[in-house]
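Student: need coordinates for the below:
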Amino acid sequence: MASVALQIVSKPLPGADMGKIMTNMKDAAALWRSAGAEVKVYTVSVGEIGNMVFAARWDSYEAYGKSLDKMVGEQSVQALMAKITASGTAEWVRSNLARELPI
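Tutor: Predicted coordinates for the structure are as follows:
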């Protein structure tokens, strides 16, 4: 089965409280994990230095879909997104959804 990966790249704003950013990342990771995703957070060391990558992974497209079904319309997800937006700590750079190709 081909795995699926979601990548959300953000850029901390100058002077942003990294404690708030990490709390937001931890809260988001907890929500995605509770919906079935494997989650990791990275900081970029080469290239777009300082950007942060929130990565979620599933073993199949079906598992990804089940996670989304659990999260759509969830009040906790909507509340977290509002909190992250209101924090003013980072800006969205890009998102990618990738499907593994068998080789």
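Student: which elements pack onto the biggest helix by length in the chain?
Tutor: In the chain, with assignment by DSSP state H, the single longest helix is helix 18-34. Using 3 or more Cβ pairs under 8 Å, 6 or more residues apart in numbering; DSSP states H and E, the elements in contact with helix 18-34 are strand 38-43, strand 52-58, helix 61-71, helix 75-87. Yep, even glycine has a C-beta here, placed from its N, CA and C like the rest.
Student: repeat that with 7 Å
Tutor: For helix 18-34, the elements it packs on are strand 38-43, strand 52-58, helix 75-87, judged by 3 or more Cβ pairs under 7 Å, 6 or more residues apart in numbering; DSSP states H and E.
Student: that's a helix at residue 46, yeah?
Tutor: No. Under DSSP: H, G, I helix; E, B strand; the rest coil, residue 46 sits outside any helix and is assigned coil.
Student: could I get the average pLDDT for the longest helix of the chain?
Tutor: Averaged across helix 18-34, the pLDDT comes to 95.
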